[in-house]
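S.K.: Fold the following, please.
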Amino acid sequence: MTEATDPRAPIGRMLTAIVTPMSDDGAVDHAALAALATHLVENGHDGLVVSGTTGEAPTTSDEEKTQILRTVVDAVGDRACIVAGVGTYATEHTIHLAKQAEQAGADALLVVTPYYSKPTQAGLVAHFTAVADATGLPNVLYDIPGRSAIPIETPTLQQVAEHERIVAVKDAKADLCAGMEVMATTDLAYYSGDDALNFSWFSAGAVGAISVVGHAFGREYVEMLDAVERGDLVEARQIHIDLVPAVRAIMRAGSQGAIQAKATSQLLGVIPSRHLRLPLLPASDDEVSALREMLLAAGKDVSE
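M.R.: Predicted coordinates:
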């Protein structure tokens with residue numbers, strides 16, 4: 001990992017939750033994964049998240065997660081912060097994955113709110129503390145009640161922020177008021193986890209984004225963040241407006257980010273296949289056509 005250029009951004013500024021390329025038989029395509037990681041780092045990214053939701057973590061084995069992480073670390077670990085998604089609904093298993101990721105070379109951990117289990121807020125404190133105690137790596141908490149069923153409430157974030165290794169939040173809760181209160185009362189760094197709200201989060205004080213649309217538009221998001229930080233909200237807002245078609249296409253309602261991000265990466269010629277593991281299905285021909293039109297309109301080079 002290279003030294004962070006912004007001390008306020010402990011895992012970098014522009015990160016994408018990278019897809020896990022797979023061959024048509026469902027095997028992880030490590031050559032394509034290394035090529036994709038390299039492409040992203042050469043196009044605006046100073047960090048990558050592996051084995052997140054977009055990386056199809058629910059359908060990869062623990063052993064596969066280790067190999068996926070090692071592939072990305074070997075490809076770009078000297079140029080970017082590599083964050084391993086390790087969160088599950090079981091604290092013991094999350095700790096196992098955290099230790100495994102540390103041994104495999106991760107620079108930081110992304111720990112999602114335990115889903116399905118629906119613990120109390122006190123249970124969340126106990127869970128996040130146990131995971132943070134298990135390794136020497138910085139932890140980023142992932143607050144996404146749309147998938148986990150419960151939010152991480154503000155007092156809970158204020159409490160766990162006292163842990164030296166809980167350093168940041170990836171927010172997909174869409175509550176900017178709550179996030180600003182946490183930023184004002186703790187040292188936690190905030191990352192937008194919702195591409196539709198990147199401009200809003202940057203304007204509210206977030207230090208960066210953990211993106212899906214960044215598979216194709218990482219440089220544009222860096223330009224947006226730079227514009228906000230120098231106080232040019234007019235330029236930043238225009239970049240946001242220009243990216244609305246991309247956000248709508250890649251994060252389309254009724255689909256899933258991994259589906260459209262794989263199809264987008266294939267159209268850009270970065271990965272050879274848009275195959276996913278069940279229960280996810282690849283993008284349809286109509287969806288691919290819509291993505292192609294969006295990318296061409298945005299001036300991207302699209303493969304035939």
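
S.K.: The closest residue to residue 134 other than its chain neighbours - how many residues pack around it?
M.R.: Leaving aside its chain neighbours, residue 134 sits nearest to residue 95 (4.5 Å; criterion: CB to CB, 6 or more residues apart in numbering). In short, each C-beta sits where N, CA and C put it, glycine included. When neighbours are defined as other CB atoms under 10 Å, residue 95 has 19 of them.

S.K.: and the helix or strand hosting residue 95, which residues are buried?
M.R.: In the assignment (DSSP states H and E), residue 95 maps to helix 91-104. Across helix 91-104, burial judged by 16 or more other CB atoms under 10 Å covers 91, 94, 95, 97, 98, 100, 101, 102, 104.

S.K.: element containing residue 6?
M.R.: Using DSSP H and E, residue 6 falls outside every helix and strand.

S.K.: returning to what we had before: state the distance from the residue nearest to residue 134 to residue 143.
M.R.: Distance, residue 95 to residue 143, by CB to CB, to the nearest Å: 20 Å.

S.K.: Distance of residue 295 relative to residue 216?
M.R.: Counting by CB to CB, the gap from residue 295 to residue 216 is 7 Å.

S.K.: any residues in contact with both of those two?
M.R.: 264, 268 (CB atoms under 8 Å, 6 or more residues apart in numbering).

S.K.: The residue nearest to residue 134 contacts residue 128, correct?
M.R.: No - here residue 95 does not reach residue 128: they are 11.3 Å apart, not a contact under CB atoms under 8 Å.

S.K.: from the buried residues of helix 91-104, which is closest to residue 273?
M.R.: residue 104 (24.7 Å; CB to CB).

S.K.: Contacts only, for that closest one.
M.R.: Here residue 104 is in contact with 66, 69, 70, 73, 84 (criterion: CB under 8 Å, 6+ apart).

S.K.: Next: residue 114.
M.R.: Residue 114 neighbours (CB under 8 Å, 6+ apart): 87, 88, 89, 90, 91, 94, 123, 124, 127, 148.

S.K.: What is the neighbour count of the third one?
M.R.: Close neighbours of residue 89, defined as other CB under 10 Å, add up to 16.

S.K.: Then the second one?
M.R.: Counted by other CB under 10 Å, the residues lying close to residue 88 total 20.

S.K.: Please identify the buried residues of stretch 260-272?
M.R.: Buried-residue list, stretch 260-272, by 16+ other CB under 10 Å: 260, 261, 262, 263, 264, 265, 266, 267, 268, 270, 271, 272.
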